[in-house]
Every structure is written in structure tokens, then in C-alpha cells.
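Novice: My questions are about this predicted structure, shown below with the sequence.
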Amino acid sequence: MTPIRARYLSVVLVAAAVGFAAGGTSAALAQGLPTTGPDVTVVDIYDIDSYGGANGFHGYAVGTTSCNIGDDELNWCNTGSCGGGLSSKQHPVIAQNLYRLKAGRFEQIGMSWLKHGFFATNKGNAQTCKVGTSCITPPLGFQQLGIGCTDTYWAGLNGDQPLGPRSEVNATTSNFIFPYTNVGFSQVYDQRVKVADADVDPAQNAGALYWVEGQYVSDNDAAAGNGLNNASYRKATVSPGTFALNMEPDNPPGYFATVREHSAIHAWPAIDPAVELFYVDVPGAVIERFEVARKVTAVDGDTWHYEYAIHNVNSDRSARAFSVDFADPTPISAAGFHDIDSHSGEPYSTADWTPVATPGTGTVSWSTSTFASDPNANALRWATLYSFWFDADAPPSTAVQTIELFKPGSPTAVTFTFPLFSDGFQSHNLTAWSAAVP
């Protein structure tokens, strides 16, 4: 194994300090900072459709308004007759997800297949798109998303069956098979955001909080190095009886309930300041990012409870193992795991990662099969989040975390420690460490 140490501190701690905690926008968008090349992001979770349920599951779709906040046109071609030398594979795909925070545990409980973009309307909205810039009509019209322009795919479009498999998309480069494979569908939840009724039933989830998320993947956005801000999220509630999902409203005027350019894992530290969030970047021609959130709670004077959530933003290499090592052979117990199952005919295994805590080692680990033994193993793939937890008789200051990558390449693993501060982040006092942020 050839590990590389992660070097990137989380930016969500800064965000929490400047008011991102409940709705907001990114620092780049709020300040009008320039980006180079095309840069698509979700500026609004537009609406949610609930399709009813069957067999213990419900189906949902999330509407998304995209915006090109970059300084070049974004490709949006899905026919063989686009101009400018574009091919039918040069258009965005849209993923939708649902997350839950319950009893201190952050989990992904729903995921969709992919909507393939087919037409960009190029609407102008200086308030919600690129600050200070009007929509600039692109040279190829609806086959591009112009600078400062928006395009809305309401939930009915993003949930219109058939959708495309995630397994055919490389999210790092946005290279994919098109036309996508149509495997057919028979249920209201097939290919949509499929969620178990037990995960959203208010009677079984007292006090739970929910967020929906939309993420775009696009070829020239990725090539420009702008693929790390393509997801946004919005708080949602569940109606008793029908299990319909409802968006948090944009209220009062001027408040935006959609948190832009951040994936939904950022909602956890926004709600709970004791949560730490760390960006783990895998170097390459295009950076591949994992976001790791952790909360450590003292159970008593000798035992700590650890909760981790790991989100794969755009890594095609994916992850096959996660481990936590302590400096001493501390006892480890009550280890657990939660993933989100692929569905509707995706080829991937749904076998859980089994926790292993070997006595006398001070190490707990979870893993799936290697790529060599099973290319369709249950790896942590892009736009998905897995959760891990355990108890240990050791404080977090001694913990070293490692993510082992799934597909071949260099490095084979990333090892990192969380930055620790005397107040455990609860005060949001960033003075002592802000100068050290890279």
C-alpha cells in the first residue's frame, strides 16, 4: 500500500462561522469571485415530486435549477447534430439523493439514477445565478448553458422514467455511455429516489431531519477542475400518512433555503457544531474528493462514541475500505455500518461492509471486495455516502483514519488525522487556526 496523507482542512467550519448554518450560498457566489472555465452548480432545489409507494418503498424526484457561474459556456448536447464539434455525450447528468439525521447519526437513505440533460433554456436571474452578471446567450443556443444563465429541470423531468444508470458514468471526467442502457421499469420507485418506508415514516423517525440533494456532472466543467461544487442541498420534511416530501420554503424574502455548492453532508456540522468535516483529496489530472464528517462523544471518563459519515463527491476510483487506528491497543466495541443500496438493475453488489475490531490491535476496519476480485463489489461510489460507528476506550486525539481506494491507481490509500482544537469547535472561535488554513 502506498498511502498519501490528506492536506486539506474542511471549509465548512469557516462557512458555519459566516452564516451558512441554515440556508445560504457559497463564498465564491456570495462574493462574486471568478472561476475559470465553465462551472455548473445547483442554485436551487426547485421542487419535489412524490410518486407513492409499493412493496415497502416510496419513489421521489428532486427538481434542480442549474447555473453556469464560470466564464465559458457549458456543453449541453445530447443529439448527433450539435454544432461546434460537440458530440451527443457532452451534456450534464443529474443525480438526486436523500439524507437523514436521526439520533446523532447522518445517513443516506435514498438515491436515484441519472437524468441526462437534453436542452438548456438559458434563463437569466442575476439574483440567483452569477452575482452581477446577466445571462449571456451562448453561441450554440440551447446546446450550451451560457455564462450567468440558468436552466430548470423540474422534478417531473428529473423523475421521468426511464433514467440512466450511474454505473455508466465516470464522475471524475464525466465520460459516459450514451445512449444510456434502458433496462426498463415496473414500479413507481424504479430508477427514482427509492426510499424504504421505514426510513421516512414519521411514526418511526421521531426527531429526524431530512435533506434532499441534487448534483450535476458535466464534461467541460470537470475538465476545467470545477467539478467539486456541483451539488447543493435543501431541507425537507415528511408528511404523515402519505410520506410525501416537502421542501423548506424560501421564507422570509431574501432567504434561500437551498444551500448552494455544498453537498448535503455539510448539513450535519451546520446543525451540530460538535461535528468536524474534512476534505480528503486524491491527486490526479482531476482532483477526486471524499468528504469525511466525524462526531466524537464522551460516554464516560474512559469511553468515547465515534460517528463517521464518508461522502464520495466525484471519485471514479471509489473506496473499498475504511479504518481507524489508535496509538494504543484500546478496546473497541459496538461497531456498525450503514450504506445505501444500488437498485433498479444496477450491477453492483449490496453486501454490507463487515466491521472488524481485532482485540489487542487498537484498530477497527470495514471493507468490501477488491476490484480485482469483483469489479461490481459494493464500493463507495460517487454521489453516495456510507456511515460508520463504534465505541473506543481512547480519545480522538490518537485516531488515524485511512480510506483505501477501490480501482487501481496511485495512491492506493489516503491516511489522515482530523485537526483538533481546544474547544472542540463548539465555540466556532476560529482565531487560533485560521492563519494555518492552506
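Specialist: Right, received. Where do you want to start?
Novice: Point out where the stretch 51-200 of the chain drops to low pLDDT.
Specialist: For the stretch 51-200 of the chain, applying pLDDT under 70 flags the ranges 126-127.
Novice: mind listing the helices for it?
Specialist: Remark: helices assigned in the stretch 51-200 of the chain by DSSP state H, counting those that start in this stretch are 155-158, 197-200.
Novice: quick one: secondary structure of residue 270?
Specialist: helix (DSSP: H, G, I helix; E, B strand; the rest coil).
Novice: Sorry, slip of the keys, the one I care about is residue 36.
Specialist: Residue 36 is classified as coil under three-state DSSP.
Novice: Now render the helices of the stretch 51-200 of the chain as TSV, adding mean neighbour count and distance to residue 310.
Specialist: For the C-beta atoms, the positions are set from N, CA and C on the backbone; glycine is no exception. Formatted as TSV, the helices of the stretch 51-200 of the chain follow (neighbours: other CB atoms under 10 Å; distance: least, CB to CB, whole Å):
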stretch	mean neighbour count	distance to residue 310
helix 155-158	20	25
helix 197-200	18	19
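Novice: which residues touch the residue nearest to residue 319 when sequence neighbours are not counted?
Specialist: Closest residue to residue 319 apart from its sequence neighbours, by CB to CB, 6 or more residues apart in numbering: residue 380 at 4.1 Å. For residue 380, the contacting residues are 290, 310, 312, 318, 319, 320, 339, 386, 406, by CB atoms under 8 Å, 6 or more residues apart in numbering.
Novice: swap the cut-off to 7 Å and go again
Specialist: Contacts for residue 380 (CB atoms under 7 Å, 6 or more residues apart in numbering) come out as 310, 312, 318, 319, 386.
Novice: phi, psi of it?
Specialist: phi -80, psi 100 (degrees, to the nearest 10).
Novice: Could you measure from it over to residue 174?
Specialist: Distance, residue 380 to residue 174, by CB to CB, to the nearest Å: 19 Å.
Novice: can you check residue 211 too?
Specialist: According to CB to CB, residue 211 stands 24 Å off from residue 174.
Novice: And residue 64, by the same measure?
Specialist: Taking CB to CB as the measure, residue 64 and residue 174 are separated by 16 Å.
Novice: Looking at those two, which has the bigger crowd around it?
Specialist: Between residue 64 and residue 174, residue 64 has the larger neighbour count (other CB atoms under 10 Å), namely 32 against 26.
Novice: Look up which residues are beta-bridged to the residue nearest to the more buried one when sequence neighbours are not counted.
Specialist: For residue 64, the nearest residue in space outside its immediate sequence neighbours is residue 214; the separation is 3.9 Å by CB to CB, 6+ apart. Judged by DSSP bridges, the bridge partners of residue 214 are residue 96, residue 232.
Novice: Just give me the neighbour total for residue 214.
Specialist: Residue 214, neighbours per other CB under 10 Å, totals 31.
Novice: same check, this time on residue 106
Specialist: With other CB under 10 Å as criterion, residue 106 counts 27.
Novice: That one contacts residue 309, doesn't it?
Specialist: Yes. Using CB atoms under 7 Å, residue 106 is in contact with residue 309, at 4.5 Å.
Novice: joint contacts of those two?
Specialist: Common contact partners of residue 106 and residue 309 (CB under 7 Å, 6+ apart): 265, 268, 293, 387.
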